[in-house]
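Engineer: model this:
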Amino acid sequence: MDRTSRTAFRKALHILESRASVTGNAADTEQSTALRQIERLTAISDNVDAIPYINDIPFDYTSYAAVWAEAQAIRSRGEWHTILRNVQTPATVIHGDSDPHPVEGAIIPMTDAGIACDVRILPRCGHTPFLERHAARELKRILLETISRA
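Structural biologist: Residues are numbered from 1 along each chain as shown. Alright, predicted model coming up:
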């Protein structure tokens, strides 16, 4: 990520952090705009060769914040492991070899909960394999194979 992008990213994060407890339409619009900016910047930093796309779905910061607050509460109460232990089906984990998020973050909690994981690492692929130019064909093959086993 270049200097201009890093500055824009920090500015968007500052908006989110400084206005986290502010509510109302104006605050929601500003926070949603900041999240959209972060989305654009992480699309650059988290991918290898992404296909250009336009996400024109309106961003709802209030819903976003509520979902992540609930996810954080589940983790802090230690309920995530209990939820995973109730999973009765194997999981297919599809991960890019250039994804900045370590694959172990997905695999370890699942295997600790007894979930069988079929791990597929895609070469020349970042965080969003469905947007990656070099991963599209292999991703489609893996998805069709996984669905056919279901």
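Engineer: next, the buried residues of the longest helix along the chain.
Structural biologist: Longest helix in the chain, counting residues (DSSP state H): helix 25-45. Buried residues in helix 25-45, counting neighbours by 16 or more other CB atoms under 10 Å, are found at Ala27, Asp28, Glu30, Gln31, Ser32, Ala34, Leu35, Gln37, Ile38, Leu41, Thr42, Ala43. Backbone N, C-alpha and C define where each C-beta goes, glycine included.
Engineer: same list (these) but as TSV, adding distance to Phe130 and pLDDT.
Structural biologist: Output for the buried residues of helix 25-45, formatted as TSV (distance: CB to CB, whole Å; pLDDT from 0 to 100):
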residue	distance to Phe130	pLDDT
Ala27	32	63
Asp28	28	71
Glu30	29	81
Gln31	26	81
Ser32	23	80
Ala34	24	83
Leu35	20	82
Gln37	21	84
Ile38	19	82
Leu41	19	82
Thr42	15	81
Ala43	12	78
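Engineer: which two from those end up farthest apart in space?
Structural biologist: Maximum pairwise distance among these (CB to CB): 24.6 Å, between Ala27 and Ala43.
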